[in-house]
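Novice: Mind looking at a prediction? Sequence and model below.
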Amino acid sequence: MKTLLGYRRRDGRFGVRNHLLVVSTVSCANRVVQRIGFEFPDVICVEQAAGCMSLDDDRVVVHRVLAGLARNPNVGAVVFVGLGCENTTAAMLRDEIGDDKPAHAVSIQDCGGSEAATARCREFVNLHRDALAAQPREPFGLEQLTIASKCGGSDWTSAIASNPAVGVVSDRVVAAGGTSLIGESAGWFGADHILLERARDDAVRARILEVLRRLYEAARHRGKRIDEANPSPGNIAGGLTTLTEKALGGVRKAGLAPIEGMLAPGEAPRGRGLWLLDNPSLDAASVAGMAAAGAQVVLFTTGRGTPLGSPICPVIKLCASPDGMARVPAHIDLDVTDLVTGGAPIASAADRLEAMLHDVANGALTRSETLGHREFVMPQAGVL
Amino acid sequence: MSDEGFAPGEAPARAPDAAPGARRVIAVDPRDNVANALEPLAPGDTIEALGRRVTVRGAVPMGHKVALAPIAAGTAVLKYGEPIGHARGAIEPGEHVHVHNVESLFTDWLAARGLAGARP
């Protein structure tokens, strides 16, 4: 890959975007955030449905995901907006971000209402917008790059073609000293033996089993089996027969690199290499978890096609399915159907994906960015 | 971890050019006993993969699996070089392989991982 150019952060990391993030810490603050979004379309405004009245484990996840999103190197400045009485307040998060980057807290109750809070947000936005837009990009190396890989709307081509192409790029990034993340824990059942073999040590193996066991038992508590809903009717119509077949295909996104560890939601990798995330399968929640873990770019394979994007990460969509390309070509960044129709080798698709990753990192917009897709769902206990 | 991308068993082989008169299929691993149809298959069609020439026995939608070899009842359907399920009854070469004749392996994950009974 040629030189990458990004925005230098105080901690020495680089962002591939320079976002001004305005995020609500609780649903009560959503309207304030929404209004800022209407006024400033280029500001990244994230509302959320959670943030209070939750049990401890969910509260911790909300806290970590919000902090992780704000810390993501693609964010240049952040404004937390809260009500003032919620579990994780805007002030707590601002203090946690500290010197990392410009961070502000707005509390509706302290301001005297939502109008005043909106005005306060507007001040902070105007304080930073121009500087962020004017900040120059500087060179950085692959060892500073964190990618995440995801599949959604999968069909028979995902496993045979697009996922292996992503796996090759993941291995290249890891070999160059970078970091690669893979999530969607419920999709590992049936390929878990592969992950266990590739784990660095017994501690990592134990963590993988712990996460899978929790998922398996959560389904069993409700009288269900984890494979009852998976593969989905769409997967089955598209040729996937068993969860094992689907999982063996999905794990191909992870390439061949050893697995350094398993991260809890919102936790960032403690070193370079390939890391697993305890992460939902719902697309918007999965990508949210990846952004919170520090991913700068998401590689997203799809068969049937999806417009999904992320508030702070460029999401590159690749599709090897002639069916998907016929349905929703507008949402696909990289057409790799030649893998299944033309017998092209996986490495050729990997080369093209790597070139696109480089261009997107350096500023080329993905379809999801151009079309304004910024889906965000907070990872929570009920969201598989 | 070469730049070619994959060790044997880890990624699809290059789909061969279809022999004259044959429909296109792709086999992922040399150990597989099924291939994915790259176009819809009809009874009587010829397919070639992994050195085998097979006559199709039933309709196979695009993207679905077709058997390349006999798969005895209760034995593994192999894809990616690994079992993805067991044949419910005997499967003949050229048959459509899918939910109607494949049993999931996924019966008791906890027992398979040696974790059964350790916690309520």
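Specialist: Sure thing, it's come through.
Novice: need the strands for the stretch 51-200 of chain A, in chain order.
Specialist: Under the criterion DSSP state E, counting those that start in this stretch, the stretch 51-200 of chain A carries strands at the ranges A:75-82, A:103-107, A:138-140, A:146-152, A:179-182.
Novice: could I get those strands as a markdown table with mean pLDDT?
Specialist: Shown next, in a markdown table, are these (pLDDT from 0 to 100):
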| stretch | mean pLDDT |
| --- | --- |
| strand A:75-82 | 97 |
| strand A:103-107 | 97 |
| strand A:138-140 | 97 |
| strand A:146-152 | 95 |
| strand A:179-182 | 98 |
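Novice: Which one, of those, ends up nearest to A:Ser348?
Specialist: Distance to A:Ser348, taken as CB to CB, is lowest for strand A:146-152 among the strands of the stretch 51-200 of chain A, at 18.6 Å. Using the backbone N, CA and C atoms, a C-beta is placed for each residue, glycine as well.
Novice: quick check, that closest one touching chain B?
Specialist: No. With CB under 8 Å from any CB of the partner chain as the criterion, chain B is not reached by strand A:146-152; the gap is at least 14.6 Å.
Novice: next one: stretch A:324-331
Specialist: No. Stretch A:324-331 lies out of reach of chain B by CB under 8 Å from any CB, never closer than 11.1 Å.
Novice: end to end, how far does that stretch reach?
Specialist: By CA to CA, to the nearest Å, the extent of stretch A:324-331 from end to end equals 10 Å.
Novice: Give me the mean pLDDT for that stretch.
Specialist: The average pLDDT within stretch A:324-331 is 93.
Novice: Below-threshold pLDDT in the chain: ranges please.
Specialist: All of this is about chain A. A:1, A:382-384 (pLDDT under 70).
Novice: that's the other chain; I wanted chain B
Specialist: Confidence mapping of chain B against pLDDT under 70 gives the ranges B:1-20, B:106-110, B:115-120.
Novice: Mind jotting down where the helices sit in it?
Specialist: Along chain B, counting by DSSP state H, helices occupy B:109-112.
Novice: show me what contacts the nearest residue to A:Thr179 once chain neighbours are set aside?
Specialist: Excluding its sequence neighbours, the residue lying closest to A:Thr179 (CB to CB, 6 or more residues apart in numbering or on different chains) is A:Thr146, at 4.2 Å. A:Thr146 sits next to A:178-181, A:269, A:293-296 when contact means CB atoms under 8 Å, 6 or more residues apart in numbering or on different chains.
Novice: Just the buried ones from the residues you listed?
Specialist: Buried subset of the contacts of A:Thr146 (neighbour count, 16 or more other CB atoms under 10 Å in any protein chain shown): A:178-181, A:269, A:293-296.
Novice: Let me have those in CSV, adding distance to A:Val65 as columns.
Specialist: CSV is the format used below for the buried ones among the contacts of A:Thr146 (distance: CB to CB, whole Å):
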residue, distance to A:Val65
A:Gly178, 23
A:Thr179, 18
A:Ser180, 20
A:Leu181, 14
A:Pro269, 15
A:Ala293, 9
A:Gly294, 12
A:Ala295, 13
A:Gln296, 17
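Novice: Check those and tell me the two furthest apart.
Specialist: A:Gly178 and A:Ala293 (13.9 Å).
Novice: show me what contacts residue 59?
Specialist: By default, I'm working from chain A. Counted by CB under 8 Å, 6+ apart, A:Arg59 has contacts A:87-88.
Novice: that's the wrong chain, I meant chain B
Specialist: Counting by CB under 8 Å, 6+ apart, B:Ala59 makes contact with B:40-43, B:96.
Novice: Try it again at 6 Å.
Specialist: B:Ala59 makes contact with B:Ala42, according to CB atoms under 6 Å, 6 or more residues apart in numbering or on different chains.
Novice: same deal with A:Pro265?
Specialist: By CB under 6 Å, 6+ apart, the neighbours of A:Pro265 are A:61, A:289, A:379.
Novice: Which ones among those residues map onto helices?
Specialist: Those of these lying in helices (DSSP H): A:61, A:289.
Novice: got the residues of the stretch 151-300 of chain A near chain B?
Specialist: Residues of the stretch 151-300 of chain A lying close to chain B (CB under 6 Å from any CB of the partner chain) are A:156, A:160, A:164, A:168, A:171, A:216, A:227, A:238-239, A:241-245, A:248, A:256.
Novice: right, and A:Ile332 touches A:Cys319 too?
Specialist: Yes. Counting by CB atoms under 6 Å, A:Ile332 touches A:Cys319, with 4.6 Å between them.
Novice: more neighbours, those two?
Specialist: Using other CB atoms under 10 Å in any protein chain shown as the criterion, A:Ile332 and A:Cys319 rank with A:Cys319 on top: 31 against 23.
Novice: Any idea what that one is bridged to?
Specialist: Beta-bridge pairing of A:Cys319 under DSSP bridges involves A:Thr302, A:Asp335.
Novice: show me the contacts for it.
Specialist: A:302, A:325, A:332.
Novice: Nearest spatial neighbour of A:Gly249, chain-adjacent residues omitted?
Specialist: Distances taken as CB to CB, 6+ apart put A:Ala159 closest to A:Gly249, at 2.2 Å, once the chain neighbours are dropped.
Novice: So what does A:Ala46 have for phi and psi?
Specialist: Residue A:46: Val, not Ala. Backbone geometry at A:Val46, expressed as degrees, to the nearest 10, gives phi -120, psi 120.
Novice: Roughly how far does it sit from A:Glu138?
Specialist: From A:Val46 across to A:Glu138, the span is 27 Å (CB to CB, to the nearest Å).
Novice: Same check on A:Ile108?
Specialist: 38 Å.
Novice: So between those two, which is more surrounded?
Specialist: A:Ile108 (25 against 11).
Novice: Taking the centroid of chain B, which residue is nearest it?
Specialist: Centre of chain B computed as the mean C-alpha position; nearest residue by CA atoms, centre = their mean is B:Val34, 2.8 Å away.
Novice: Any idea what that residue is bridged to?
Specialist: The partner residues for B:Val34, given DSSP bridges, come to B:Ala67.
Novice: hang on, isn't it packed against B:Val97?
Specialist: Yes. Using CB under 6 Å, B:Val34 is in contact with B:Val97, at 5.2 Å.
Novice: Spit out the residues that contact these two alike.
Specialist: Contacts common to B:Val34 and B:Val97, judged by CB under 6 Å, 6+ apart, are B:65, B:67.
Novice: Right, I'll call it a day here.
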